[in-house]
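Engineer: fold the stuff below for me.
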Amino acid sequence: MSVGQLARRAGLTAKALRHYDRIGLLRPDLADAAGYRWYAVEQVAVAQRIAVLRSVDVPIDEIRRCLDDDALVNDVLKEQRRRLESRLTRVQRDLHTLDHLLEDGWEKPMATALEPMDPQAERTLAAGLFNATWTLLEKESRTGEEDAAMVHMAHASAHHWHQIGKAQNFARGEWQCSRVYAQLRRAEPSLHHAQRCLDICRDSGLGDFDLAFAYEALARGHAIAGDPEQARTCTEQALAAAEDISEDDDRELLLTDLETIPGQTRFW
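Structural biologist: Residues are numbered from 1 along each chain as shown. The predicted model follows:
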């Protein structure tokens, strides 16, 4: 079939098909002596796939990957979804800015970025937020507003530690986020932050107390998620890591904490 025929059946333009030929994305089955492109019927499906992917702005190079390997399609689509979500966020921010400009006028300066904090002040803030979160964690009866404050403060503390702290601070910030979500019986974010805590420990060579508590956080998250086998596996890893904890008080704190994991039976 001709370029025009394929274009109509695939939902593309003849110009697009000629471009895809030039870049090697979709070559015609043959080109005659006069320079006309002719496509096989079997190429309709390929052209239609290209049309669908281009309709959602998948980049050409990513489309090429999909055509080369069907197994990559889902990964490519998920990545494109993340790109579009980011684009949507930028558009929403621009709309928000325009609303302010229409309401307040363009002469009024707008904040475009956070000013860097004094390092010591930021360290004090990070530590204060961490301690305030811990105070709410220990509270026997919290309101819904206090639960929300606990989440926000844990994340804010982790953010500020990431600005001025070290790997140990990063790991402990992630651990506290995991514990907060575990306390609220929210398994998915609890496991997410527990895994981040463990990744930081592994990447930075942290052992001792921090590594053991990373496994404790994972065990707690899996228990809340209703996966006792995985919770037990992570508990065993926490116990193995506990053998390298240098301070007896820290080791006892870990063992006591493991006993509070839902559904766990003491086996140490």
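
Engineer: pull out the buried residues from the helix or strand harbouring Ser190.
Structural biologist: Under the criterion of DSSP states H and E, Ser190 resides in helix 187-204. The neighbour-count check on helix 187-204 (16 or more other Cβ atoms under 10 Å) flags 187, 189-198, 200-201 as buried. (Glycine included, C-beta is placed from N, CA and C.)

Engineer: mind putting the residues you listed in TSV, pLDDT included?
Structural biologist: As requested, these are arranged in TSV below (pLDDT from 0 to 100):
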residue	pLDDT
Ala187	96
Pro189	97
Ser190	97
Leu191	97
His192	98
His193	97
Ala194	97
Gln195	97
Arg196	97
Cys197	97
Leu198	97
Ile200	97
Cys201	96
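
Engineer: quickly name whichever of those is closest to Pro116.
Structural biologist: Ile200 (23.2 Å; Cβ to Cβ).

Engineer: list the buried residues in the helix or strand containing Ile63.
Structural biologist: Using DSSP H and E, Ile63 falls within helix 60-68. Using 16+ other Cβ under 10 Å as the burial criterion, the residues of helix 60-68 that qualify are Glu62, Ile63, Cys66.

Engineer: confidence score at the second one?
Structural biologist: Same thing as Ile63. pLDDT, Ile63: 95.

Engineer: that one - nearest residue in space that isn't next to it in sequence?
Structural biologist: The shortest distance from Ile63 to any non-neighbouring residue, by Cβ to Cβ, 6 or more residues apart in numbering, is to Leu53 (4.9 Å).

Engineer: list of residues touching the helix or strand harbouring the one you found?
Structural biologist: Here Leu53 sits within helix 43-55, counting by DSSP H and E. Helix 43-55 has contacts (Cβ atoms under 8 Å, 6 or more residues apart in numbering) with 6, 9-12, 16-17, 20, 25-26, 28-29, 39, 62-63, 66-67, 76.

Engineer: and if you look at stretch 173-185?
Structural biologist: 126, 130, 133-134, 137, 147, 150-151, 154-155, 157-158, 161-162, 165, 187, 189-194, 196-197, 200, 210, 213-214, 217, 220-221, 224.

Engineer: average model confidence for that stretch?
Structural biologist: On average, stretch 173-185 scores 96.

Engineer: who touches Asp210 in this structure?
Structural biologist: Asp210 neighbours (Cβ under 8 Å, 6+ apart): Gln168, Ala171, Arg172, Trp175, Cys197, Cys201.

Engineer: among those, which one lies nearest to Arg82?
Structural biologist: Cys197 (23.5 Å).

Engineer: show me what contacts the nearest residue to Gly4 once chain neighbours are set aside?
Structural biologist: Excluding its sequence neighbours, the residue lying closest to Gly4 (Cβ to Cβ, 6+ apart) is Ala14, at 5.5 Å. Contacts of Ala14 were listed using Cβ under 8 Å, 6+ apart, and they are Val3, Gly4, Ala7.
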